[in-house]
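Colleague: my questions are about this predicted structure, shown below with the sequence.
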Amino acid sequence: MADALPAQDDLIRAVRAKRMKTFITFAAGMAGLLFGLDIGVISGALPFITTHFELTSRLQEWVVSAMMLGAALGAVSTGWISFRLGRKTSLMTGAALFVIGALGCSLAPNVAILILSRVLLGFAVGIASYVAPLYLSEMSEKENRGKLISMYQMLVTIGILTAFISDTIFSYGGHWRMMLGVISVPAVLLMIAVFGLPDSPRWLASKGKFEKAKEILRMLNTTDAKADSELNEIHESLKVKQEGWGLFKENKNVRRAVYLGMLLQAMQQFTGMNVILYYAPQIFKHAGFANTEQQMIATVICGATNVLATLIAMKTVDKQGRKPVLKIGFAGIALGTFLLGVCLYMINAGFDALWISIFAILMTLFTIASFAMSAGPVVWILCSEIQPLKSRDFGVACSTTTNWIVNMIIGATFLTLINTFGIAATFWIYTGLNVLFIVLTIMLIPETKGISLENIERNLMEGKRLREIGV
């Protein structure tokens with residue numbers, strides 16, 4: 001009987017730890033859902049906004065890219081907020097801004113207010129895209145870290161799909177304001193969920209709050225010994241005294257990690273994936289699908305493909321590893337964008353066979369799937385893994401800001417590139433970039449599967465080559 005009681009206590013503790021981890025994943029994942037909703041919603045709303053406000057191509061690009069500008073500003077600011085006030089406070093701030101921004105977009109009386117509201121909404125997206133993966137990486141065990149961050153990315157794709165479905169429903173009445181305003185509902189749910197989150201033990205330890213950090217680690221782990229071991233690893237990584245910008249200036253190894261994170265995010269964005277998401281109806285119009293209903297249905301299919309392919313990433317990223325998945329993904333995107341460009345070239349040259357339009361859709365789906373099972377989740381995983389603890393906020397802020405700056409450039413130039421070079425040549429440009437990314441992955445990207453954050457940091461600080469810091 002005496003032996004049965006400790007066993008029962010261990011079982012109860014394991015169940016409680018599992019429940020808390022599930023709640024953490026759900027609450028932080030809600031930020032990803034909102035992230036996806038804001039990315040996806042504009043593609044369906046843009047044609048109606050263009051008609052309502054009589055927008056030029058340039059103003060359309062501004063409406064799309066304004067969110068990315070706000071996201072870049074949000075990512076920069078969140079580095080300071082997250083470092084000073086913690087991950088939980090940052091997520092709460094982002095949720096409040098999601099509500100305000102969504103309502104501002106839906107009620108905008110003119111295009112100027114709409115763009116300003118999109119910047120504010122982007123600020124919230126910048127917070128979510130920065131804090132949520134960082135928070136999940138710090139709250140997860142090394143064996144499941146990739147899976148949890150992939151779960152966040154999956155919720156991003158579910159948000160995109162939900163936005164596409166919502167856009168399709170509201171498109172029949174042209175209700176673009178409802179398309180933009182409905183985002184405020186999950187934003188309120190995120191605010192409620194964040195109240196129940198614990199703060200990151202790694203952040204608490206960096207602030208000298210070791211007892212609180214130990215309390216949370218024991219809540220998340222099934223044994224005190226495992227929690228204490230994790231806290232000891234955190235203690236070791238905190239022995240470096242400098243922080244953030246100061247550490248970046250003084251330590252070349254930290255600079256290497258920051259630059260690698262920035263490169264990864266630039267690679268992810270220059271795949272060309274987001275132009276498909278932002279301008280999907282226009283792409284399908286070029287592919288021969290003339291009416292709005294056909295374009296919106298095709299967009300929903302793209303969103304569903306995005307979700308299903310991300311599920312594949314969740315199953316493979318902690319088994320196959322980060323690097324092989326990235327190489328296969330970039331190769332798939334290169335092939336998909338090349339063949340999509342060929343189809344669009346043939347259509348623009350006067351070939352109107354139905355099979356060409358269908359093949360163009362299939363190549364669009366293939367490109368989306370290749371991205372969603374590779375660069376989509378893996379880049380966020382790597383960027384949250386490779387930064388040293390004492391400069392993690394600064395490093396992730398730099399990489400996330402890079403993501404949104406490049407994202408803004410892409411959103412603000414896509415229609416201009418089409419008008420200048422043609423849609424086929426535009427996609428061939430992205431083909432060339434993806435081939436380059438395969439080479440960069442082989443040369444520079446480390447394999448971090450199953451390696452603790454502290455070991456990755458130790459290898460980095462010892463000066464090992466970047467592609468070897470996960471060994």
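Modeller: That came through fine. Numbers count the residues shown, from 1 in each chain.
Colleague: can we go C-alpha only for contacts and neighbour counts from here?
Modeller: Will do.
Colleague: show me where the stretch 51-200 of the chain has helices.
Modeller: For the stretch 51-200 of the chain, helices defined by DSSP state H, counting those that start in this stretch occupy the ranges 57-85, 87-107, 111-139, 145-171, 176-181, 184-194.
Colleague: the fourth one: how far from the chain's middle?
Modeller: Yep, that's helix 145-171 we're talking about. 11 Å (CA atoms, centre = their mean, to the nearest Å).
Colleague: mind giving me the packing neighbours of it?
Modeller: Under the contact criterion of 3 or more CA pairs under 8 Å, 6 or more residues apart in numbering; DSSP states H and E, helix 145-171 touches helix 4-53, helix 111-139, helix 176-181, helix 292-316, helix 375-385.
Colleague: can you redo these as TSV with mean pLDDT?
Modeller: TSV is the format used below for those (pLDDT from 0 to 100):
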stretch	mean pLDDT
helix 4-53	79
helix 111-139	86
helix 176-181	91
helix 292-316	78
helix 375-385	85
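Colleague: tabulate the ones you listed (a markdown table), appending distance to G244.
Modeller: Converted to a markdown table, the helices and strands packed on helix 145-171 look like this (distance: least, CA to CA, whole Å):
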| stretch | distance to G244 |
| --- | --- |
| helix 4-53 | 24 |
| helix 111-139 | 15 |
| helix 176-181 | 37 |
| helix 292-316 | 31 |
| helix 375-385 | 15 |
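Colleague: closest one to F98 among these?
Modeller: Closest approach to F98 among these (CA to CA): helix 111-139, 5.5 Å.
Colleague: quick check: buried residues in that closest one?
Modeller: Buried residues in helix 111-139, counted by 16 or more other CA atoms under 10 Å: 111, 114-139.
Colleague: could you figure out how far it is turned away from helix 145-171?
Modeller: Relative orientation of helix 111-139 and helix 145-171, computed by axes from the mean of the first three to the mean of the last three CA atoms, to 10 degrees: 150 degrees.
Colleague: and the particular helix or strand that has L436 in it, average pLDDT?
Modeller: Assigned by DSSP states H and E, L436 falls within helix 423-444. Averaging pLDDT along helix 423-444 gives 93.
Colleague: just stretch 256-274 next, same as before
Modeller: Stretch 256-274 comes out with an average pLDDT of 91.
Colleague: which of the residues in that stretch are buried?
Modeller: Of all the residues in stretch 256-274, those buried under the rule 16+ other CA under 10 Å are 256-258, 260-274.
Colleague: from the residues you listed, which ones fall inside helices?
Modeller: Mapping those onto helices (DSSP state H) picks out 256-258, 260-269, 273-274.
Colleague: quick check: of the residues you listed, which lies closest to E250?
Modeller: Taking CA to CA as the measure, E250 lies nearest R256 of these, at 11.8 Å.
Colleague: next one: the closest residue to the closest one other than its chain neighbours from L382, what distance?
Modeller: The spatial neighbour of R256 that comes closest, neighbours along the chain excluded (CA to CA, 6 or more residues apart in numbering), is L466 at 7.7 Å. For L466, the distance to L382 equals 12 Å [CA to CA, to the nearest Å].
Colleague: now do G174
Modeller: 41 Å.
Colleague: now do V111
Modeller: For V111, the distance to L382 - CA to CA - is 38 Å.
Colleague: cool, L389 as well?
Modeller: The gap separating L389 from L382 is 14 Å, by CA to CA.
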